[in-house]
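Curious how this folds, go ahead:
(chains A, B, C and D)
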There are 2 protein chains.
Amino acid sequence: MDSSIKKKRVRGRLSREMIEDAAFQVIEREGLAGFSMRKLAAALGCEAMSIYHHFPSQAHLYEALVDRQISAIVIPDAGVPWRERIRIGMQEYRRVATEHPAFAPFVVVYRMNSPPCLAKLDSVIGLFEAGGFGPELSARLFRAASYYLMGAILDETAGYAKGPSAVTTVSDEQLARDFPSVMTAGAYFGRAGFDKTFELGLEMLLDEMERLRDSTNAS
Amino acid sequence: MDSSIKKKRVRGRLSREMIEDAAFQVIEREGLAGFSMRKLAAALGCEAMSIYHHFPSQAHLYEALVDRQISAIVIPDAGVPWRERIRIGMQEYRRVATEHPAFAPFVVVYRMNSPPCLAKLDSVIGLFEAGGFGPELSARLFRAASYYLMGAILDETAGYAKGPSAVTTVSDEQLARDFPSVMTAGAYFGRAGFDKTFELGLEMLLDEMERLRDSTNAS
DNA sequence: GCTTGACAACTTACACTGTAAGGTTCATTT
DNA sequence: AAATGAACCTTACAGTGTAAGTTGTCAAGC
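Predicted coordinates for the structure are as follows:
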């Protein structure tokens, strides 16, 4: 057993950071649904309840993981043109979120109320404001961009590339016969197609942002 | 107790449709995470295991619920211009998904491999093909549009409007002081702002689709 | 009317979950 | 050396999905 090896760990050496690191590992190994405090404890070589000394609940642990991920997003400074800043910001979010694919679905759905997350949120909305979008457009365009990001990351980390989750599966022959458009489109989906599709939608959104910005500033 | 009332139900009267109806109700009442086979059984006035006679597992039941929702999406027929068809199709998806808000997060993340879902998928991708987009653009634009839809629905059904999910919450005063851009943007979020933000992003995507279509067909 | 068979529903049981409550051990300070 | 308090462990409980076995009920055939 691997656990017997880990059991060598002596007392008094647990820390929030160690627990977080192990949590990311266990989540990737077992999947988000397969994760549990007991499995995490086994990976750490301790008992489940010991973790509660460092995190009051599983929810608090998850929040710490989200905070760590969100904090890792790098926003370009004000010297860069607004369009580039927003593009890089969005690519950064995707990069960070897909770093731990199994955890990504949790991150994108998470309601970010913690100070570290709010700080990042604030700086991203500030990107739009600094770009010359008014308060309303800044808010709504940020939201629309987030929507796109959420879906893209979910598809990449929890979508078809992860195999069928549906209970009833359809054979390839039946797919080709009954659902030809799905079959054809399938060639552009999956692992290889993510980057290109993501960039396509990203540029579409940026183009429209630019158009909206120019038309409102002109009038 | 309500359960005592329901207990009047006689044997041999359970059906898949009854179970699905009750499941939607229980999910809305208890939330997706709070849903369980035992609670569903209580609502039906039967024991948990009786449900397994009609659905082999909870996953099968969930799939049936998804199938029912997806099948309710109405796609405009070929007489309508492509742009209108795609717009209405997307609005339809949103309408259906938000009909059972607590279940929506499950629907949007679901990998739709069942025949009813594949059929709908096929007809939607067909919308792009019929609109004059080539196979690759049809595939990628469908995906990009789906990304946006997923995020929009998740925000509406599981986002900030549902209250803070984070464990640590920040007071309004602190929000106004430390995160002014979030504060300002907040005015456009929430229940009242969903429609307008959704429509804004939707038209942005449709505009870009039109541009892409014209430029590829011209060259 | 009685029996039989089949199926729908119930009962029990198991392995798992998060975590409350309380007991133990160990490093540090006095 | 004694005490203090943090760090960790043990036990227990109420909940989960569901496998396996049992009971109740109703319709068809005699």
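
List the buried residues of the longest helix that chain A contains.
In chain A, taking DSSP state H as the definition, the longest helix is helix A:190-218. For helix A:190-218, burial by neighbour count (16 or more other C-beta atoms under 10 Å in any protein chain shown) applies to A:193-194, A:197-198, A:200-202, A:204-209, A:212-213. No exception for glycine: its C-beta is placed from N, CA and C like everyone else's.

among those, which two are most distant?
Farthest pair in the buried residues of helix A:190-218 (C-beta to C-beta) is A:193 and A:213. Separation: 30.0 Å.

Kindly tell me how buried residue A:88 is, as a neighbour count.
Residue A:88 is flanked by 17 other residues according to other C-beta atoms under 10 Å in any protein chain shown.

How about the contacts made by it?
Going by C-beta atoms under 8 Å, 6 or more residues apart in numbering or on different chains, residue A:88 touches A:75, A:76, A:80.

now the last one: how far from residue A:214?
It refers to residue A:80. According to C-beta to C-beta, to the nearest Å, residue A:80 and residue A:214 sit 19 Å apart.

what's the distance between the longest helix of chain A and the middle of its chain?
19 Å (C-alpha atoms, centre = their mean, to the nearest Å).

Briefly note if that helix comes near chain B.
Yes. Part of helix A:190-218 sits near chain B under the criterion C-beta under 8 Å from any C-beta of the partner chain, namely A:193, A:196, A:197, A:200, A:201, A:204, A:205, A:207, A:208, A:209, A:211, A:212.

How about stretch A:167-187?
Yes. Judged by C-beta under 8 Å from any C-beta, stretch A:167-187 comes into contact with chain B at A:167-170, A:175, A:178-182, A:184-187.

Please name the nearest non-neighbouring residue to residue A:196.
Nearest-residue entry for residue A:196: residue B:140, 7.1 Å, with adjacent residues in sequence omitted and distances by C-beta to C-beta, 6 or more residues apart in numbering or on different chains.

For residue A:125, which non-adjacent residue is closest in space?
Excluding the flanking residues, the one nearest residue A:125 by C-beta to C-beta, 6+ apart is residue B:181, at 4.0 Å.

ok, now how distant is the most centrally placed residue in chain A from residue B:153?
By C-alpha atoms, centre = their mean, chain A has its centre lying nearest to residue A:97, at 3.0 Å. Separation of residue A:97 from residue B:153 (C-beta to C-beta): 18 Å.

swap in residue A:132?
As judged by C-beta to C-beta, residue A:132 and residue B:153 stand 30 Å apart.

Which one's more surrounded, those two?
Comparing residue A:132 with residue B:153 by other C-beta under 10 Å, the one with more neighbours is residue B:153, at 26 against 13.

Which of the helices or strands spans the more buried one?
Residue B:153 belongs to helix B:135-158 when assigned by DSSP states H and E.

how about that helix: buried residues?
B:136-158.

Packing partners of it?
helix A:104-109, helix A:135-158, helix A:180-186, helix A:190-218, helix B:82-97, helix B:104-109, helix B:115-130, helix B:190-218 (3 or more C-beta pairs under 8 Å, 6 or more residues apart in numbering or on different chains; DSSP states H and E).

and the direction of the longest helix of chain A versus that of helix A:82-97, what angle?
Helix A:190-218 runs at 150 degrees relative to helix A:82-97, counting by axes from the mean of the first three to the mean of the last three C-alpha atoms, to 10 degrees.

Can you spell out which helices and strands pack onto helix A:190-218?
Applying 3+ C-beta pairs under 8 Å, 6+ apart, we find helix A:190-218 packed against helix A:82-97, helix A:135-158, helix B:135-158, helix B:190-218.

Using a markdown table, lay out those together with mean pLDDT and distance to residue B:68.
Putting these into a markdown table (pLDDT from 0 to 100; distance: least, C-beta to C-beta, whole Å) gives the following:
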| stretch | mean pLDDT | distance to residue B:68 |
| --- | --- | --- |
| helix A:82-97 | 98 | 31 |
| helix A:135-158 | 97 | 22 |
| helix B:135-158 | 97 | 17 |
| helix B:190-218 | 92 | 23 |
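
residues near residue A:178, how many?
For residue A:178, the count of nearby residues is 14 (other C-beta under 10 Å).

related to what we said a few turns ago, may I have the next helix or strand after the helix holding residue B:153 exported as PDB, CA atoms only?
Remark: after helix B:135-158, the chain's next helix or strand is helix B:172-178, criterion DSSP H and E. Provided in PDB are the C-alpha atoms of helix B:172-178 (Å, rounded to 0.1, in the frame of the first residue of the first chain):
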ATOM      1  CA  ASP B 172     -21.200  45.600   2.000                       C
ATOM      2  CA  GLU B 173     -19.100  48.400   3.600                       C
ATOM      3  CA  GLN B 174     -15.900  46.400   2.900                       C
ATOM      4  CA  LEU B 175     -17.100  45.700  -0.600                       C
ATOM      5  CA  ALA B 176     -17.700  49.400  -1.300                       C
ATOM      6  CA  ARG B 177     -14.300  50.300   0.200                       C
ATOM      7  CA  ASP B 178     -12.000  47.600  -1.200                       C
END
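
Next to DNA strand D, which bits of chain A? Give me the list.
Listed as neighbours of DNA strand D in chain A under the rule C-beta under 7 Å from any atom of the strand: A:11-14, A:41, A:46-50, A:52-54.

for residue A:132, helix, strand, or coil?
Secondary structure assignment for residue A:132 (DSSP: H, G, I helix; E, B strand; the rest coil): coil.

The closest residue to it other than its chain neighbours: what's it in contact with?
Nearest residue to residue A:132, sequence neighbours excluded (C-beta to C-beta, 6+ apart): residue A:213, at 5.8 Å. Counting by C-beta under 8 Å, 6+ apart, residue A:213 touches A:131, A:132, A:133, A:137.

With distance to residue A:115 as new columns, can those residues be given to me in JSON lines?
Conversion of those to JSON lines gives the following (distance: C-beta to C-beta, whole Å):
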{"residue": "A:131", "distance to residue A:115": "25"}
{"residue": "A:132", "distance to residue A:115": "28"}
{"residue": "A:133", "distance to residue A:115": "25"}
{"residue": "A:137", "distance to residue A:115": "26"}
